[in-house]
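[1] got a structure for you, letters missing:
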């Protein structure tokens, strides 16, 4: 006779439960990042025209970033700290639906031609 001990059946059952739970968590995390990236992309599209209407922010671009499970990226350079403060205030007051990642250099363009936004 080939009878399995009861603990073996319980072990198999719990193994299946753990694997299903793990797969669900991995799926949720992956889809959450995609939802956040899409929300960041839409928010960037809404803000970009308003952002570029201010000459202080002509060298700033908005986009998406996969860090923080998907966030809004603000990148480029501004001339002065006061410009950076105004930029931060503008972006934060727009209440983005995702976290914000700033990658902004303060001062003159450190690499001419690399960050410049084309004129409209």
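    Noted; the coordinates are in hand. In this text, all values refer to a predicted model and were calculated from it rather than measured experimentally.

[2] Now the residue nearest in space to the middle of the chain. Its backbone dihedrals?
    In the chain, the C-alpha nearest the mean C-alpha coordinate belongs to residue 71, at 1.6 Å (C-alpha atoms, centre = their mean). Main-chain dihedrals, residue 71, degrees, to the nearest 10: phi -150, psi 170.

[3] again, but for residue 53
    phi -80, psi -10.

[4] Ok, residue 60 next?
    According to degrees, to the nearest 10, residue 60 has phi -110, psi 140.

[5] Find the residue ranges of this protein scoring beneath the pLDDT cut-off.
    1-7, 27-30, 109-120 (pLDDT under 70).

[6] where along it do the helices fall?
    Using DSSP state H, the helices of the chain run over residues 6-52, 81-93.

[7] which residues are in contact with the last one?
    The reference is to helix 81-93. Contacts to helix 81-93, defined as C-beta atoms under 8 Å, 6 or more residues apart in numbering, come from residues 47, 50-51, 54, 56-57, 60, 72, 74, 78, 100, 102, 104, 106. For every residue, glycine as well, the C-beta is placed using N, CA and C.

[8] Sweet, I'm off.
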